[in-house]
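Student: Next come a sequence and a model predicted from it.
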Amino acid sequence: MDREPPGAKWLGAPVTRRSVLAGVGAVAAFLAVDLGAVAYANNWIAPRTLSRQTFIDGFQTVFGRHPGFRRNHAKGMAVTGLFDSNGNGAELSSAAVFAAGRTSVTGRFSLTGGDPSVADTPSAARGLALAFGFPGPDQWRSANLSLPVFPDSSPQGFYDRLLASKIVAATGKPDPDAMARFNTAHPETVAAMAIIKKTPPTSGFADSTFSSLNTFFFVNDAGTRTPVRWAFVPQQSALPPKPAGDNALFNSVVRQLRTGPLRWKLHLTVGQPSDPVDDATQPWPSDRRVIDAGTLSLIAAQTEAPGNARDVNFDPLVLPDGIEPSGDPLLSARSSVYAASYRLRSGETASPSAVQVDEVTP
Ligand code: HEM
């Protein structure tokens, strides 16, 4: 077992990493060259009580073992596209992606949960992971969710909720006593879930708003640091899922992409000094200034395969100069656990993805 380095104080420290996916591995497994290098040096997320291995074991207890797949957001599909920056984001950040111009994008749509062949359900949180300028020196990676706030404020809360929500085979539902105990211990999650319930899921991926949820600090050329939460705001409705089926949500967005690019505006919400920056369960007031930084266009979908987004670790701490992490404890935990998940899956042979883009009927 890894040991915590003496005096390790990396949680929440500003980190800029430019790990690059250099290798395309064998047909099934691939070469893990993309670990979350900083976080991976330290196994402990909460000293001596919660390690990245605890999370991996937790995901496998709840969802089973699915070699070769992500331990969370296991069901997914790769996408490629472009980001057209209008230059407005440069007011907040010196990152190259916000200078006026175009940047290539590698991404992945996903559903939350560790089962790669789970049936699509509208209520499952949807993910859109994005790597801008990948695999270049100024790349920016993010993994965004279709929720207004995150249910947990701490890694321990996430872990406790994961275990409490394990489905009991006899009922097909989580154990109500375990959920009740969890809710008593985590009022912050009860409050966040009340906010989440007020924003019912949209009909598909194409009309979902995908948000950072965690706060980041944007740093401009003058060195000014501004707390920012971002959101990708859809510019289209979604095609109705047809026919209903296990891949209804994925199939619908594949069909829609065949008709032309799908677009999202990148909105940067500017935090005020009174806004919480270390707690993703808490929304910011709705009157905060929003900067429209440009348009993300997703152009094509690909079945998960060697060398595409399947093999990218969308570690939220892979940031360019001009974007820095906040002290939100979820961020360093995510970096560490994503790296552990990535390291495992890269050494395993996966069965084919449940989402086969070429097999989606018109
Ligand atoms: C302690 C909290 C969290 C833990 C332990 C966790 C764990 C994980 C793991 C293990 C993966 C798979 C990584 C891989 O194999 O590449 C993953 C993927 C993902 N997570 Fe989290 N997560 C956490 C919080 C969050 C938050 C706050 C967000 C949203 C803003 C988020 C959004 C996503 C998305 C969108 C993906 C899919 C990324 C992809 O397509 O590669 N997660 N998460």
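Tutor: Arrived safely, thanks for sending.
Student: partners of the host helix or strand of residue 269, with directions?
Tutor: Take DSSP states H and E as the rule and residue 269 turns out to sit in strand 262-270. Counting by DSSP bridges, the strands paired with strand 262-270 are strand 225-234 (antiparallel), strand 290-302 (antiparallel).
Student: and of those, who's closest to residue 210?
Tutor: Residue 210 sits nearest to strand 225-234 of all the strands paired with strand 262-270, at 4.5 Å, using CB to CB. In short, each C-beta sits where N, CA and C put it, glycine included.
Student: Name the next helix or strand following that closest one along the chain.
Tutor: The element immediately downstream of strand 225-234 (helix or strand, assigned by DSSP H and E) is helix 248-258.
Student: and that next one, which residues are buried?
Tutor: 248-257 (16 or more other CB atoms under 10 Å).
Student: What helices and strands are in contact with that helix?
Tutor: In terms of contacts (3 or more CB pairs under 8 Å, 6 or more residues apart in numbering; DSSP states H and E), helix 248-258 is packed against strand 75-85, strand 101-111, strand 290-302.
Student: who touches the residue of the stretch 51-200 of the chain found nearest the ligand in this structure?
Tutor: With CB to the nearest ligand atom as the measure, residue 127 is the residue of the stretch 51-200 of the chain nearest to the ligand, at 2.7 Å. Contact partners of residue 127, counting by CB atoms under 8 Å, 6 or more residues apart in numbering, are 73, 76, 108-112, 143-146, 210.
Student: which parts of this protein sit against the ligand?
Tutor: For the chain, the contact set with the ligand under CB under 6 Å from any ligand atom comprises 55, 70-73, 76, 108, 110, 127, 129, 143-145, 150, 155, 158, 212-214, 280, 313-314, 330, 333-334, 337-338, 341-342, 345.
Student: Could you say whether the residue nearest the centre of the chain sits in a helix, a strand or coil?
Tutor: In the chain, the C-alpha nearest the mean C-alpha coordinate belongs to residue 143, at 2.4 Å (CA atoms, centre = their mean). Following DSSP: H, G, I helix; E, B strand; the rest coil, we place residue 143 in the strand state.
Student: Is it correct that it is in contact with residue 129?
Tutor: Yes. If you go by CB atoms under 8 Å, residue 143 and residue 129 touch, sitting 4.3 Å apart.
Student: Now list whatever residues contact both of the two.
Tutor: 73, 314.
Student: just to revisit the earlier point, for the helices and strands packed on helix 248-258, give me JSON lines that also has mean pLDDT and mean neighbour count.
Tutor: Supplementary listing: the helices and strands packed on helix 248-258 in JSON lines, determined by pLDDT from 0 to 100; neighbours: other CB atoms under 10 Å:
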{"stretch": "strand 75-85", "mean pLDDT": "98", "mean neighbour count": "22"}
{"stretch": "strand 101-111", "mean pLDDT": "98", "mean neighbour count": "22"}
{"stretch": "strand 290-302", "mean pLDDT": "98", "mean neighbour count": "20"}
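Student: Shouldn't the residue of the stretch 51-200 of the chain closest to the ligand be within a helix?
Tutor: No. Under three-state DSSP, residue 127 sits outside any helix and is assigned strand.
Student: Send over stretch 312-327 as PDB, restricted to the C-alpha atoms.
Tutor: What follows is stretch 312-327, C-alpha atoms only, in PDB (Å, rounded to 0.1, in the frame of the first residue of the first chain):
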ATOM      1  CA  VAL A 312      -7.800   9.700 -22.100                       C
ATOM      2  CA  ASN A 313      -7.900  10.400 -18.400                       C
ATOM      3  CA  PHE A 314     -10.100  13.500 -18.100                       C
ATOM      4  CA  ASP A 315      -8.400  14.600 -14.900                       C
ATOM      5  CA  PRO A 316      -9.800  18.000 -13.900                       C
ATOM      6  CA  LEU A 317      -6.400  19.100 -12.600                       C
ATOM      7  CA  VAL A 318      -4.800  18.900 -16.100                       C
ATOM      8  CA  LEU A 319      -5.000  22.700 -16.500                       C
ATOM      9  CA  PRO A 320      -3.200  25.200 -18.700                       C
ATOM     10  CA  ASP A 321      -1.500  28.300 -17.400                       C
ATOM     11  CA  GLY A 322      -4.300  30.700 -16.700                       C
ATOM     12  CA  ILE A 323      -6.600  28.200 -14.900                       C
ATOM     13  CA  GLU A 324      -5.900  27.000 -11.400                       C
ATOM     14  CA  PRO A 325      -7.800  24.700  -9.000                       C
ATOM     15  CA  SER A 326      -9.700  26.000  -6.000                       C
ATOM     16  CA  GLY A 327      -9.200  24.400  -2.700                       C
END
